[in-house]
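next input, structure requested:
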Amino acid sequence: MKRAQGINWPGIIPFVAVHLVGFATPFLVAPTWGLAALAVGVYYVRMFGITAGYHRYFSHRAYRTSRAFQFALAWLGATASQKGALWWAAHHRDHHRYSDTEDDIHSPLVGGFVWSHVGWIVDRGYEGTNYDRVKDLAKYPELMWIERHWWVPPATLAVGLFLAGGWAWVLWGFFLSTTVLWHGTFVINSLAHVIGSRRYETTDGSRNSFVLALVTMGEGWHNNHHFYPGTANQGFFWWEWDPSYYVLRGLAALGLVWDLRTPPLKVKFAHLDGDRARQVRPAIDAAG
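I've put the predicted structure just below:
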């Protein structure tokens, strides 16, 4: 596994530029409730593209869908400007394979906060896609097209916002929203192994956090996820807020996705012992 090879300075110019424009946006165009709602709405729609698309579908194949909707998920995820689905999934699969070891690409316990949050993203060593990790995805030419031209979906979004509402919509709906979206995604790498509680014993430091779940549409139940990664839901219990899964349930009702994988009872209650375990044992046995 490659480690830090140094910042790709020319390559990070767009990354820095979007940040600068995003930070300047409230000073360039005065905030209104409408613009704020636009920024939040575009943020969460694209966050769904990352959580339900790039993460739960492309990285973990936690449900099934048609080839056409698979392409739609790849396009939506790419509008978040986090490269293509194959790049994202390949790195994420490595994270699970080597979680919180020296070979973990973005462990805060090994590399520290800055490296796990943003350092690895701007490093030359992680620019490419390890296609050996994503052979199941690389066979689709349309996904490979987005992989090579990942900038087209976010550029199309920016143009669409301009046509709909002018520069104010571009600044709030694209630049500010994208800047916040990047860091909303990155906090799972940098904080979800540091803050929160642990329900399950895992070989890494993954934790559950309601706050991170709010920011990321349900990705904050990270200890659940690392204990049993291949599920369409990461909130294993009803009180664990997981709107990405709720939307997936709605899409399943419409027939756009199906076979949503969820944790069996023996997994959900694997943390219990003694009297509490005996109380739920009949239900687990009945469920098989």
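
okay, CA-based contacts and neighbour counts for the rest of this
OK.

where exactly do the helices run in the stretch 1-150 of the chain?
13-28, 33-48, 67-78, 85-97, 108-111, 113-114, 135-138, 141-148 (DSSP state H, counting those that start in this stretch).

switch those helices over to TSV; also include mean pLDDT and mean neighbour count.
Shown next, in TSV, are the helices of the stretch 1-150 of the chain (pLDDT from 0 to 100; neighbours: other Cα atoms under 10 Å):
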stretch	mean pLDDT	mean neighbour count
helix 13-28	97	15
helix 33-48	98	18
helix 67-78	98	20
helix 85-97	97	20
helix 108-111	92	19
helix 113-114	95	15
helix 135-138	97	14
helix 141-148	98	16
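
who wins for proximity to Gly160 among those helices?
helix 33-48 (12.1 Å; Cα to Cα).

other residues contacting that closest one?
Helix 33-48 is contacted from outside by 76-77, 79-80, 168-169, 172-174, 176-178, 180-181, 185, 216-217, 244, using Cα atoms under 8 Å, 6 or more residues apart in numbering.

using ChimeraX, define a selection of the buried residues within those.
Buried residues within those, by 16 or more other Cα atoms under 10 Å, are selected in ChimeraX with:
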select :76,77,79,80,168,169,172,173,174,176,177,178,180,181,185,216,217,244
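
among the contacts of helix 33-48, which lie within helices?
Using DSSP state H, the subset of these located in helices is Leu76, Gly77, Ala168, Trp169, Ser177, Thr178, Val180, Leu181, Thr185, Ser244.

is the first one in contact with Tyr54, as I believe?
No. Between Leu76 and Tyr54 there is no contact under Cα atoms under 8 Å: 9.3 Å.

now do the shared contacts for those two.
With contacts defined as Cα under 8 Å, 6+ apart, no residue is shared by Leu76 and Tyr54.

just to revisit the earlier point, tell me which two of the ones in helices among the contacts of helix 33-48 sit farthest apart.
Farthest apart among the ones in helices among the contacts of helix 33-48 by Cα to Cα are Ala168 and Ser244. That separation is 28.4 Å.

next up, phi/psi of Ser197, please.
Main-chain dihedrals, Ser197, degrees, to the nearest 10: phi -110, psi 160.

got a list of what it touches?
For Ser197, the contact set (Cα under 8 Å, 6+ apart) comprises Arg207, Asn208, Ser209.

what subset of those is buried?
Among the contacts of Ser197, those buried by neighbour count (16+ other Cα under 10 Å) are Arg207, Asn208, Ser209.

any idea what the second one is bridged to?
Partner residues in beta bridges with Asn208: Ser197, Trp221, with DSSP bridges as the criterion.

so Arg198 sits against Asn208, correct?
Yes. Contact between Arg198 and Asn208 holds when scored by Cα under 8 Å: they sit 6.2 Å apart.

overlap in contacts of those two?
Listed as contacting both Arg198 and Asn208 by Cα under 8 Å, 6+ apart are Asn223.

for the stretch 151-288 of the chain, just list every one of the strands.
In chain order, the stretch 151-288 of the chain shows strands spanning 257-258, with DSSP state E, counting those that start in this stretch as the criterion.

flag the shaky bits of it, pLDDT-wise.
Along the stretch 151-288 of the chain, segments meeting pLDDT under 70 span 274-288.

again, only using 50
288 (pLDDT under 50).

list the contacts for Ala155?
Here Ala155 is in contact with Thr79 (Cα under 8 Å, 6+ apart).

against Trp75, how distant is it?
11 Å (Cα to Cα, to the nearest Å).

likewise for Pro14?
The gap separating Pro14 from Trp75 is 20 Å, by Cα to Cα.

nearest to His60, of the helices of the stretch 1-150 of the chain?
Nearest to His60, of the helices of the stretch 1-150 of the chain and by Cα to Cα, is helix 85-97 at 7.9 Å.

so which elements touch the closest one?
Secondary-structure packing of helix 85-97 (3 or more Cα pairs under 8 Å, 6 or more residues apart in numbering; DSSP states H and E): helix 67-78, helix 141-148.

quick check: angle from the last one to helix 67-78?
Meaning helix 141-148. Calculated by axes from the mean of the first three to the mean of the last three Cα atoms, to 10 degrees, helix 141-148 forms an angle of 10 degrees with helix 67-78.

verify the contact between Ser206 and Tyr200 for me.
No. With contact defined as Cα under 8 Å, Ser206 does not reach Tyr200; the gap is 9.1 Å.

now for those two: what residues contact both?
Asn223.

neighbour-wise, which of those two wins?
Just comparing Ser206 and Tyr200: by other Cα atoms under 10 Å the higher neighbour count belongs to Ser206, 30 against 21.
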